[in-house]
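Q: Fold the following.
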Amino acid sequence: MAGVFENDRRIIKPNKMTNREKYHFDDFILDNYRRLIKLAKERDFQFILHKDEFVEERKDVIWRHDVEFEPDIALKMAQIENEEGVVASYFFQLHSPFYNVVDPHYREVFHRINNLGHLVGLHFDSAYWGVSDEKQLDEFIVLDKDYLEKNLGIKVDTFSFHNTTPFTQSCLEYRYGGLINVYSSYFKEHYNYCGDSLGYWRFERLEEVLVNDKVQHLQVLTHDANWNEEVLSPRKRFEDVMNKRAKRLIDEQVNGLHEKGMLCPDDEEV
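A: The predicted structure is shown next:
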């Protein structure tokens, strides 16, 4: 075993932990996502929604997705959940710089997730509107809720905050703008929490939380672009999502022109 001698004693210097090990990159593949769903079921968690009544004697989990970057990945996760017979909640932004939920492609994705039996809700961005008090919060949540409902033909009853701030974290009422607030004191008091907000487990590893017998009520938060088909760092997962979207958009444009009999030539096309 390699080491160094110091005062005739061998001191073993441990190998430095890689980021892959430290941040559990291997956890964030879709095959493992399915395994975690199965583990939750094996541990007798019942999958419920925020609107369901809290029952002290029931072991349950609210499985939540804030759709931040790529709804196509959210759909893959929704399909896994559906195949495993569980229900989850998906919160969509209206003002995202990364996707437009009412464009034809993502409109279809939105409805496919909803049609799988999952709840769809509003991922509300208070910074977009410059919200600074709870009266404004009520007003702009109603505005976004109405837009989402009218454009997508669904009913919304729950919202989550996008990019929480000290202000939004102080908004602890159960409802704002008529919608259930997943960050309310009610959920903080009744449910443990585990999330992957930066592409790794922020506090505790989900697998360890699921097997902890002391955890009887849990809210899990995941984000679409934090998951991939292969083991990648959080940064590379994000890059992969953006590159694949760019390719899809380019292909749609070029193929669309060709289907209409118009040419979009490249350097090497005749």
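Q: Show the contacting residues for residue 19.
A: Listed by Cβ atoms under 8 Å, 6 or more residues apart in numbering, the contact set of residue 19 reads 25, 233. All C-beta spots, glycine's among them, are computed from the backbone N, C-alpha and C.
Q: measure it to residue 72 for me?
A: Distance, residue 19 to residue 72, by Cβ to Cβ, to the nearest Å: 26 Å.
Q: Verify the stated contact: residue 184 with residue 170.
A: No. Taking Cβ atoms under 8 Å as the definition, residue 184 is not a contact partner of residue 170, at 11.3 Å.
Q: neighbour count winner among those two?
A: Set residue 184 next to residue 170 and count neighbours by other Cβ atoms under 10 Å: residue 184 wins out with 17 against 10.
Q: for the closest residue to that one other than its chain neighbours, what are its contacts?
A: Distances taken as Cβ to Cβ, 6 or more residues apart in numbering put residue 174 closest to residue 184, at 4.7 Å, once the chain neighbours are dropped. Going by Cβ under 8 Å, 6+ apart, residue 174 touches 180-181, 184-186.
Q: Could you measure from residue 174 over to residue 140?
A: Separation of residue 174 from residue 140 (Cβ to Cβ): 18 Å.
Q: and stretch 16-28, which residues are buried?
A: By neighbour count on 16 or more other Cβ atoms under 10 Å, the buried set for stretch 16-28 is 23-25, 27-28.
Q: Which parts of the stretch 1-150 of the chain are strands?
A: With strands called from DSSP state E, counting those that start in this stretch, the stretch 1-150 of the chain shows them at 4-6, 9-11, 46-48, 60-67, 89-92, 119-124.
Q: of these, which approaches residue 151 most closely?
A: Nearest to residue 151, of all those, is strand 89-92, at 11.2 Å by Cβ to Cβ.
Q: What is that closest one packed up against?
A: Contacting strand 89-92 under the criterion 3 or more Cβ pairs under 8 Å, 6 or more residues apart in numbering; DSSP states H and E are the following elements: strand 60-67, helix 71-83, strand 119-124, strand 158-161.
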